[in-house]
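A.B. asks: Sequence first, then the predicted structure:
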Amino acid sequence: MHGEAAVSTRRAPAPRALLALPAAVAMVAGVDAGLTLLGVWSPVPSGRLGEAHGLLMVLGFVGTLIALERAVALRRPWGYLSPTLLGAGALALLVPGLDRWAPTLLAGGALSLCAVYVPLWRRQRDDAVLVSALGAVLALGATLLVAGGADVALTLPWLAGFLILTIGGERLELARLAMPPSAGPTLVLSAMAITLAVPAATMWPRAGGAVLGLAVLALAWWLASYDVARRTVRSTGLPRFAAACMLAGQAWLAVAGGVWLVVGHPADGPAYDAVVHAVFLGFAISMIMAHAPSILPAVTRVPLPYRSAMWVPWLLLQSSLVLRLWGGDALGSDLAREVGGAGNAAALLLFFAVAISSAALGPPRPPAVQSPREKEAAR
């Protein structure tokens, strides 16, 4: 009886969930590309694919999912143009001959995402929408730089700003009731500072990068001060897991801001590796882990129940990042960098394997209720 009730609560995926498939392909290809760059074993070694690693992960994977979530919030058919173009751009990166069209498709997807925020802003003139819209503008700037032939390293502040501001806006939107009225205006000021600091870091890497570091540290302080994670981490189940993910993400964002503040915007080397992976893995992926059980069902209409197994990839991600950034980047150990990087890849793939399994299994079965006769017999 309970099994039948559990099955009946499952829902067929919404057709729009198909737009998330290119994001999944981009994630798998991006992980493979990252392993290639590390110089460790990868399923499909390809130097050409390695060059597309950053665009695949940031715009193809995370960007497509963000655009899809925003299109669902917009509730207009044209809103799905953004995730469609971003996903198509990611797939084009993988195909020789078509990869020359990828920058145009990605730029079109970023421009469409900016357009989505216009009616969202008109519907509700909200600080969270404004902050996320500024992030979309930075994503557009990154794609225009790529389309103009800029090296991906030059676009790092733009891509980082896109994810930082989008996630900051999401946190304000989701946790507004637990925040004081001053939280929104404070976040807007931090977001504007980051938006101005990004082009400064591109033109003047040392001084502009330091300013960007200060602005990012200010936003990390905002998250630590106003977010509810410090309280909910003492609870149990999903609230505790989500809080742990958010607290870890805040810490990694502070690490990235500190590196920018001290060394400016690095073009390569250990500092570059540290900033990239503190932002895009430590901060962004930790936040994705925190929000996946609540946001993905809203996009796909498929419940994603929390399970304690989700702690395993989270722990693997945090420990492998510490190994990579401290042992590899700070102390210069190639072995630590390679093992940590491989652990990063395994953690990301493992989390989505756990999420898919949890969605397929459905909600956990409620405990069976014993009849008085059964209770008497059990004595």
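C.D. replies: In hand now; what should we look at?

A.B. asks: residue closest to the middle of this protein?
C.D. replies: The C-alpha lying nearest the average C-alpha coordinate of the chain belongs to A284 (Cα atoms, centre = their mean; 3.6 Å).

A.B. asks: Quick check: buried residues in the helix or strand containing it?
C.D. replies: Counting by DSSP states H and E, the element that carries A284 is helix 284-300. Residues of helix 284-300 classed as buried by neighbour count (16 or more other Cβ atoms under 10 Å): 284-293, 295-296, 299-300. Yep, even glycine has a C-beta here, placed from its N, CA and C like the rest.

A.B. asks: Surely the residue nearest to the centre of the chain is in contact with I167?
C.D. replies: Yes - counting by Cβ atoms under 8 Å, I167 is a contact partner of A284 at 6.8 Å.

A.B. asks: Under the pLDDT cut-off, which ranges of this structure? List them.
C.D. replies: Judged against pLDDT under 70, the low-scoring parts of the chain cover residues 1-11, 45-48, 365-379.

A.B. asks: so where do the helices sit in the stretch 151-300 of the chain?
C.D. replies: 156-174, 183-203, 205-226, 229-232, 237-263, 269-277, 284-300 (DSSP state H, counting those that start in this stretch).

A.B. asks: any idea how this structure splits into domains?
C.D. replies: 21-120, 126-363 (automatic domain parsing).

A.B. asks: Tell me which of those lies nearest to A12.
C.D. replies: For the domains of the chain, distance to A12 was read as Cβ to Cβ. The smallest value, 7.4 Å, belongs to domain 126-363.

A.B. asks: how far does that closest one sit from the chain's center?
C.D. replies: Centroid separation between domain 126-363 and its chain, computed with Cα atoms, centre = their mean, to the nearest Å, is 6 Å.

A.B. asks: okay, how far is it across it, tip to tip?
C.D. replies: 34 Å (Cα to Cα, to the nearest Å).

A.B. asks: got it, and stretch 227-236?
C.D. replies: Distances were taken as Cα to Cα; on that basis the terminal residues of stretch 227-236 are 17 Å apart.

A.B. asks: Touching that stretch from outside, list them.
C.D. replies: Contact with stretch 227-236 is made by 171, 175, 178-179, 224, 239-240, 242-244, 246-247, 250, as judged by Cβ atoms under 8 Å, 6 or more residues apart in numbering.

A.B. asks: ok, 10 Å please
C.D. replies: Residues external to stretch 227-236 that are found in contact with it (Cβ atoms under 10 Å, 6 or more residues apart in numbering): 171-172, 174-175, 177-179, 183, 223-224, 238-250, 290.

A.B. asks: buried subset of those residues?
C.D. replies: In terms of neighbour count (16+ other Cβ under 10 Å), the buried residues within the contacts of stretch 227-236 are 171-172, 174-175, 179, 183, 223-224, 238-250, 290.

A.B. asks: S320 reaches L350, doesn't it?
C.D. replies: No - the criterion here is Cβ atoms under 10 Å, and S320 misses it with L350 at 11.0 Å.

A.B. asks: who's more crowded, these two?
C.D. replies: Counted by other Cβ atoms under 10 Å, S320 and L350 do not tie: S320 has more neighbours, with 23 against 18.

A.B. asks: Excluding chain neighbours, what is closest to that one?
C.D. replies: Leaving aside its chain neighbours, S320 sits nearest to G343 (2.7 Å; criterion: Cβ to Cβ, 6 or more residues apart in numbering).

A.B. asks: any idea how far M289 lies from E170?
C.D. replies: As for M289, its distance to E170 is 13 Å (criterion: Cβ to Cβ, to the nearest Å).

A.B. asks: Likewise for A33?
C.D. replies: When Cβ to Cβ is the yardstick, A33 and E170 sit 27 Å from each other.

A.B. asks: what about the two, which has more around it?
C.D. replies: The residue with more neighbours, out of A33 and E170 and counting by other Cβ under 10 Å, is A33; that gives 28 against 20.

A.B. asks: Look at that one and give its secondary structure.
C.D. replies: Classification of A33 by DSSP: H, G, I helix; E, B strand; the rest coil places it in helix.

A.B. asks: I figured it was touching E51, is that so?
C.D. replies: Yes - applying Cβ under 10 Å, one finds A33 in contact with E51, separated by 7.9 Å.

A.B. asks: and for these two, which residues touch both?
C.D. replies: Overlap of the contact sets of A33 and E51 (by Cβ under 10 Å, 6+ apart) consists of L93.

A.B. asks: The helix holding A284: what's the following helix or strand?
C.D. replies: Toward the C-terminus, helix 284-300 is succeeded by helix 311-322 as the next helix or strand (DSSP H and E).

A.B. asks: about what we covered before: overlap in contacts of A284 and I167?
C.D. replies: In terms of Cβ under 10 Å, 6+ apart, A284 and I167 are both contacted by the residues 62, 249, 253.

A.B. asks: Report the separation between the last one and R307.
C.D. replies: Separation of L253 from R307 (Cβ to Cβ): 27 Å.

A.B. asks: Between the two, which has more neighbouring residues?
C.D. replies: When L253 is set against R307 and neighbours are counted by other Cβ under 10 Å, the residue ahead is L253, at 29 against 17.
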